[in-house]
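Novice: sequence and predicted structure are below.
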Amino acid sequence: MYDVKFNGKLDNHHQIKAKFNGLNGSDIFDANFFNSMKHNASQSIDKPQNFSTGTDVELKRILIADDHDLVRESIGSFLEHEMVVKVELFANLDEALKAVKSSKPFDIILLDNNMPGMDGLNGLELMLDICENSPVAILSSIASLSFANKVLEVGASGFLPKTLSVQSMTAAVKFILDGEIYAPIKLLKNQTDYVDDLLSKREIDVLTGISEGKSNKEIAIELDLQEVTIKLHAKTLSRKLKARNRTHAAMIARDRHLI
């Protein structure tokens, strides 16, 4: 059904970069996760019965919203197969919001953090406002501790990197359905990640000032540093982020949720 091409190589974490024809951009996926979802995608599950009464058991309802067709449908098919749940799929935040408003509460809502309509964490806040206490979790291609913390601080019930294995993804969803808050143990144990390690705390402070439109002089006064020191930090952080200039650096930082 889908023409899938892979580029790149498996790394030490068994991750592979997958580019999907007809889709914009690419995401990082755990190779085992993708292969398992692909294997189970064509399988269907009948509605389970309570054998003591012979009546149908009401399935838990999961909403998944992601603008990548293959990702959305693969995760949905796998969860239906592994958990025996009813999954409803949507391609953007607006569709997901309409579905939540027009139906009974979902048991869990999974939102891609980078799909149309999300606008940073604003989309998450919109969903939390209308979801009638349904737990909402973020699916993210960014395995960043700082971003995970921001997601949970806003009120999400979980942060699910798309690099999770199929077993971990299933366990995470079950954990949230049980009323718990989920974030990967590995991410929390490290207390850091490649994004957070990229810049020093002082460089983050300077970058925050730049993103707020402040001049080097204003940032220097605020941080009680010399203006020449701010210029040096700005030059260094721009080089680390491979930015063309300070404005470009601020844009990159927002995209990577560094600030």
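Specialist: Perfect, thanks for sending it.
Novice: contacts only, for the most centrally placed residue in the chain.
Specialist: Centroid-nearest residue in the chain, with CA atoms, centre = their mean: residue 140, separated by 1.6 Å. Going by CB atoms under 8 Å, 6 or more residues apart in numbering, residue 140 touches 112, 113, 114, 147, 148, 151, 159, 160, 161, 162. Where C-beta positions appear, they are placed from N, C-alpha and C, glycine not excepted.
Novice: please name the nearest non-neighbouring residue to the fifth one.
Specialist: In space, not counting the residues next to it along the chain, residue 148 is nearest to residue 159; the distance is 4.2 Å by CB to CB, 6 or more residues apart in numbering.
Novice: specify the beta-bridge partners of the one you found.
Specialist: Counting by DSSP bridges, residue 159 forms beta bridges with residue 138.
Novice: that one contacts residue 141, correct?
Specialist: No. Between residue 159 and residue 141 there is no contact, the gap being 12.0 Å when judged by CB atoms under 8 Å.
Novice: and these two? which has more neighbours close in?
Specialist: Applying other CB atoms under 10 Å to residue 159 and residue 141 shows that residue 159 carries more neighbours, namely 27 against 17.
Novice: could you measure from the more buried one over to residue 150?
Specialist: Between residue 159 and residue 150 the distance is 9 Å, computed by CB to CB, to the nearest Å.
Novice: tell me where this protein has strands.
Specialist: 4-7, 15-20, 27-30, 49-50, 55-56, 61-65, 86-90, 108-112, 136-140, 158-161 (DSSP state E).
Novice: need the contact list for the residue nearest to residue 148.
Specialist: 137, 138, 140, 147, 148, 151, 152, 182, 183, 184, 187.
Novice: look up how far residue 173 lies from residue 158.
Specialist: 8 Å.
Novice: joint contacts of residue 159 and residue 150?
Specialist: Counting by CB under 8 Å, 6+ apart, residue 159 and residue 150 have no shared contacts at all.
Novice: what residues of stretch 62-75 count as buried?
Specialist: Using 16 or more other CB atoms under 10 Å as the test for burial, stretch 62-75 gives 62-68, 70-75.
Novice: need the residues you listed in TSV (columns: distance to residue 95).
Specialist: Output for those, formatted as TSV (distance: CB to CB, whole Å):
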residue	distance to residue 95
62	15
63	10
64	11
65	7
66	11
67	10
68	14
70	17
71	15
72	11
73	14
74	18
75	16
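Novice: ok, residue 158 touching residue 183?
Specialist: Yes. Between residue 158 and residue 183 there is a contact under CB under 8 Å: 6.9 Å.
Novice: the two: who's more crowded?
Specialist: Shown here are residue 158 and residue 183; by other CB under 10 Å, residue 158 has more neighbours (23 against 19).
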